[in-house]
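> Based on what follows, work out the 3D shape:
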Amino acid sequence: MPARVSQWEWMWAARNLVAVVAAIFLAAILSHARVFRDASLGGNGLSASEVVHVVGWGTALALIWTSAWSAAAQLPESRPGPRLLHHALPPLATLVILPGYYNLLHPFFKDRAGIALSWIFVLLLIPTAVWLGLALYENAEALVLIATKVTRRISARARTLERTCRTCGQPRSDDRAATRSPAGPAGSA
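Model prediction:
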């Protein structure tokens, strides 16, 4: 029997979620404030608004990435479902986060630097995708078990709906109602 998980063991996840939402919210508010748009940094036209946007979203992405790694480390490997998440969360988070960072950084790079940045991210994304593919392949048993559970739940729900009155939503009192003849019950003529 698996040990019961204390609510405090995952409190870090709630704190990180609050921090992610706060970072995005504050970045959105501050980067659209006129004072930040008007404040130029240096002669290259970089504004405080752009810096706040990059720092806010970069912080949020970093928190999401570290949260995925922490969650993966905390999940037990004793059962197939948690083992799948233990192995798949880090590459999945990395695969989602890298394009986010690329979108944040790319506007600041021009010409050859922009092309170099693109290739750096391509060379990071390809092995990350392979890493995720291998994690899914090595945990195919869990995928099959999850698919089987989902199929069973969908089938059970469909059977429940078949036994429910479509008009009022109440369960039918007996299954003979569906098999009665149009003329009514037997012997009533």
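> quick one: which helix or strand includes the closest residue to residue 89 other than its chain neighbours?
Excluding its sequence neighbours, the residue lying closest to residue 89 (CB to CB, 6 or more residues apart in numbering) is residue 72, at 4.0 Å. C-beta: built from backbone N, CA, C; applies to glycine. For residue 72, the host element (DSSP states H and E) is helix 48-74.
> just to revisit the earlier point, wait, what's in contact with the residue nearest to residue 89?
Residue 72 makes contact with 85-87, 89-90, according to CB atoms under 8 Å, 6 or more residues apart in numbering.
> Quick check: of the residues you listed, which lies closest to residue 41?
Set against residue 41, the nearest of these by CB to CB is residue 90 (34.9 Å).
> The closest one: how many residues sit nearby?
As a burial measure, residue 90 scores 20 neighbours (other CB atoms under 10 Å).
> thought it was touching residue 67?
No: Residue 90 lies out of contact with residue 67 (CB atoms under 8 Å); the separation is 11.0 Å.
> got the residue ranges for the helices in this structure?
For the chain, helices defined by DSSP state H occupy the ranges 11-31, 34-38, 48-74, 80-105, 111-138, 140-162.
> Go through those helices and name the closest to residue 170.
Checking these against residue 170 by CB to CB gives helix 140-162 as the closest, at 12.1 Å.
> Give me the residues contacting that closest one.
Contacts of helix 140-162 (CB under 8 Å, 6+ apart): 80-81, 83-84, 136.
> so which of those is the most crowded?
Counting neighbours by other CB under 10 Å, residue 84 leads these with 22 neighbours.
> which residues touch it?
Neighbour list for residue 84: 135-136, 139, 142-143, 146 [criterion: CB under 8 Å, 6+ apart].
> low-confidence ranges in this protein?
Scanning the chain for pLDDT under 70 picks out 1-7, 43, 173-189.
> please redo it, this time with the cut-off set to 80
1-9, 41-45, 158-189 (pLDDT under 80).
> residues contacting the residue nearest in space to the middle of the chain?
The centroid of the chain falls nearest to residue 93 when counting by CA atoms, centre = their mean (8.5 Å). Residue 93 sits next to 64-65, 67-69 when contact means CB under 8 Å, 6+ apart.
> mind running it again at 10 Å?
61, 64-69, 71-72, 128, 132 (CB atoms under 10 Å, 6 or more residues apart in numbering).
> Drop anything exposed from the residues you listed.
Buried residues within the contacts of residue 93, defined by neighbour count using 16 or more other CB atoms under 10 Å: 61, 64-65, 67-68, 71-72, 128, 132.
> Alpha carbons of stretch 54-62, as CSV, please.
Extracted as CSV, the C-alpha positions of stretch 54-62 are listed here (Å, rounded to 0.1, in the frame of the first residue of the first chain):
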residue,chain,number,x,y,z
VAL,A,54,12.1,39.4,-20.6
VAL,A,55,12.9,39.2,-16.9
GLY,A,56,9.3,38.5,-15.9
TRP,A,57,8.6,35.9,-18.5
GLY,A,58,12.1,34.4,-18.1
THR,A,59,11.5,34.0,-14.4
ALA,A,60,8.1,32.4,-15.0
LEU,A,61,9.6,29.9,-17.5
ALA,A,62,12.5,29.1,-15.2
